[in-house]
Each structure stands twice: as C-alpha cells, then as structure tokens.
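In: how would this look folded up:
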Amino acid sequence: MLSSIAKLLNERGALSVQEIGLALKIDAGVLHPMLELLVQKSKVIKVELPCKTGCAGGCTQSDTMIFYKPVV
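Out: Next up, the predicted model:
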C-alpha cells in the first residue's frame, strides 16, 4: 500500500489526505499512519496550510488543508 501511495503522489503531485483516500479507496484514518511512515522514510513531504478566518469556502475538514507531495 505504501508503494501505491508513493506512486500516486509521483504521478499527480501534491494531494490532500482526502484526495489520496478517494483515489485509492482508503479511509483517511487508515491513511494517516501510512503517510507519516512515508514522511519518516523521506519519501514524501507533509505540507500543512493554515486555515484562515474568512477564506472562500471555510474549512470543514482538517484533512483538506494537509497535503503530501513527493520528494524530488
């Protein structure tokens, strides 16, 4: 599964946890530990964007503001 996540990120670039889950049909709760393992192995980088008050659509899920991108 870790290789599938890494492959997806290499193909598509930076994705949110929600986008990765949808693409691979995996629940976000299961994805978090796998993504953190990939970060520890320096395979991907975690990017957290702060949610600002008054943003266009508002923030409903923290997973939409956390992105993972491949290490280049």
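In: any low-confidence regions in the protein?
Out: 51-64 (pLDDT under 70).
In: Pull the contacting residues for Ile45.
Out: Applying Cβ atoms under 8 Å, 6 or more residues apart in numbering to Ile45 gives the contacts Val39, Tyr68, Lys69, Pro70, Val71. Just so you know, the C-beta spots here come from the backbone N, C-alpha and C atoms, and that holds for glycine as well.
In: What strands line up against the host helix or strand of it, and which way round?
Out: Using DSSP states H and E, Ile45 maps to strand 44-48. Using DSSP bridges, strand 44-48 pairs in its sheet with strand 66-70 (antiparallel).
In: Please, where are all the helices along the protein?
Out: For the chain, the helices defined by DSSP state H cover 2-12, 17-24, 28-40.
In: Surely Met34 touches Ser3?
Out: No. Applying Cβ atoms under 8 Å as the test, Met34 and Ser3 come out as separate, 10.6 Å apart.
In: So for the two, which residue has more residues nearby?
Out: Met34 (17 against 9; other Cβ atoms under 10 Å).
In: Look up how far Leu9 lies from that one.
Out: Separation of Met34 from Leu9 (Cβ to Cβ, to the nearest Å): 12 Å.
In: Around Gly13, how many other residues sit close by?
Out: Neighbours of Gly13 under the rule other Cβ under 10 Å: 12.
In: Distance check, it against Gly29.
Out: Separation of Gly13 from Gly29 (Cβ to Cβ): 24 Å.
In: same deal with Val71?
Out: Val71 is 24 Å from Gly29, by Cβ to Cβ.
In: and Leu38, what does it touch?
Out: With the criterion set at Cβ under 8 Å, 6+ apart, Leu38 makes contact with Leu2, Ile5, Ala6, Val44, Tyr68.
In: what about burial for these, which qualify?
Out: Ile5, Ala6, Val44, Tyr68 (16 or more other Cβ atoms under 10 Å).
In: hang on, the first one packs against Ile20?
Out: Yes. The pair Ile5 and Ile20 qualifies as a contact (Cβ under 8 Å) at a distance of 6.4 Å.
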